[in-house]
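>>> from the sequence below, what's the structure:
(one chain, ligands or ions: 2)
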Amino acid sequence: MSVRQNVVVIGAGAFGTALAAVMALQESLRVTLVGRNPILMSDLRDLRSHDGSLPGVPLPDVLEFSAEPDAVSEAVFVLFAMPSQAQADAARHYAPYLARQAAVVTCAKGLERTSGALLTEVLERELHGRPAAALSGPGFAADIARGLPTAMTIAASDTDLAETLAQTLSTRTFRLYASTDRTGVQLGGALKNVLAIACGIVEGAGLGESARAALISRGLAEMSRLVDRMGGRAETVRGLSGLGDLVLTGTSHQSRNLRYGIALGSQAHNGGSGDLVEGAHAAAVAAELGKKQGVDLPITNAVADIIAGRLAIPAAVEQLMTRPITTE
Ligand SMILES: NC(=O)C1=CN([C@@H]2O[C@H](COP(=O)(O)OP(=O)(O)OC[C@H]3O[C@@H](n4cnc5c(N)ncnc54)[C@H](OP(=O)(O)O)[C@@H]3O)[C@@H](O)[C@H]2O)C=CC1
Ligand SMILES: O=C(CO)COP(=O)(O)O
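Ligands and ions are numbered 1, 2, ... in the order given. I've put the predicted structure just below:
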């Protein structure tokens, strides 16, 4: 029997559990889900389900669980699947246990609030320059964990590493495409959340499906401009991490960002559901980045202003519709 490669997924929320569950079914891999709550990890091991994050989805018998940080020490691939703002803390916590040759991957979609940094930059900063890859694209945790067909992009600056990650971590139901454009892939993931909130606002305020389609297209143009200015490739955001994810989360009520936007748009917002809404954090950071880089991001700016209570929705619509007429 060939030796299985060790994969550790850190972060026992919806996405981390889904990734670990689907990858565990790959015979060539030995997968451990590492969480910080020992009681939860022991329950997951005993019950083989995560009712808090993935209700009704059975977890494979071969999936291993641990609450011990040294469980990462034998891993060749380590996936960081906690929220964007927790990536730095997690990296610091697990750094002493990582094997020298381990490849690290951020699975979050966002930007660091305090610095505006991409999450690969955050991991590299906290892990003393160890090169980091990024996983992003359309895929709800529940779909991935149920074994429904899904495809995402995995980006590393080194072509060999990107291809190795895509080859190794893909499964029969979870297909990864390799990219070397970490900037494009990560900005696509972070900005689509902001634009999904905008789509939710459109839906909640009853502005119509035509407005949503316009927003998706102009939102994509906005992403392309920022990616281009930040040294990424504009065409990257026309792929899975960008257009693909924007179509998914800008239209599906499974999306927490969309639901948050609907609540804002229908003025039903009462301080939040407690769900993680990455776009609510990313909006202000991306707006700031746009200003700093001299890139026009009208939809992102409007979402940031609406969330901050500086702009009413009718005024935002007026502002977007009365911009100077230009070419597409
Ligand atoms: N859910 C989805 O469908 C998808 C999510 N993503 C992205 O994945 C990221 C995580 O989302 P999701 O899993 O849904 O979020 P959840 O809220 O479901 O889970 C977040 C998990 O992160 C853990 N966590 C928080 N801080 C730390 C830390 N410092 N160290 C270790 N673990 C920590 C939490 O642990 P605890 O319970 O102990 O607080 C929790 O288990 C987000 O950036 C999201 O955009 C990407 C694609 C799909
Ligand atoms: O990014 C996701 C699917 O690709 C999940 O979207 P939400 O965070 O909006 O639920």
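>>> pretty sure L165 contacts S157?
No: L165 is beyond contact range of S157, at 12.0 Å (criterion: Cβ atoms under 8 Å). For glycine as for every other residue, the C-beta is placed from the backbone atoms N, C-alpha and C.
>>> more neighbours: the two, which one.
Ranked by neighbour count (other Cβ atoms under 10 Å), L165 and S157 place L165 first, with 22 against 15.
>>> distance of that one from G129?
Using Cβ to Cβ, to the nearest Å, L165 is found at 19 Å from G129.
>>> quick one: the helices in this structure?
14-24, 38-47, 87-94, 119-126, 141-145, 159-169, 182-204, 209-229, 245-251, 256-265, 278-293, 298-307, 313-321 (DSSP state H).
>>> okay, these, which one's buried deepest?
helix 182-204 (a mean of 30; mean count of other Cβ atoms under 10 Å).
>>> from the contact counts, what lies against it?
Contact here means 3 or more Cβ pairs under 8 Å, 6 or more residues apart in numbering; DSSP states H and E; on that basis helix 182-204 packs against helix 119-126, strand 132-136, strand 150-155, helix 209-229, helix 245-251, helix 256-265, helix 278-293, helix 298-307.
>>> now do that helix, average pLDDT.
Mean pLDDT, helix 182-204: 98.
>>> one more: stretch 29-49?
98.
>>> from P131, how far off is the nearest residue to L148 once chain neighbours are set aside?
Setting aside the residues directly before and after it, L148 is nearest to T173 in space (Cβ to Cβ, 6 or more residues apart in numbering), at 6.7 Å. Between T173 and P131 the computed distance is 28 Å (Cβ to Cβ).
>>> out of everything not next to it in sequence, what's closest to D143?
Computed as Cβ to Cβ, 6+ apart, the closest residue to D143 that is not its neighbour in sequence is T150, at 5.7 Å.
>>> state the distance from G279 to ligand 1.
G279 sits 9 Å away from ligand 1, going by Cβ to the nearest ligand atom, to the nearest Å.
>>> quick one: that residue and G200 touch, right?
No: if you go by Cβ under 8 Å, G279 and G200 don't touch, sitting 9.2 Å apart.
>>> appreciated, that's everything.
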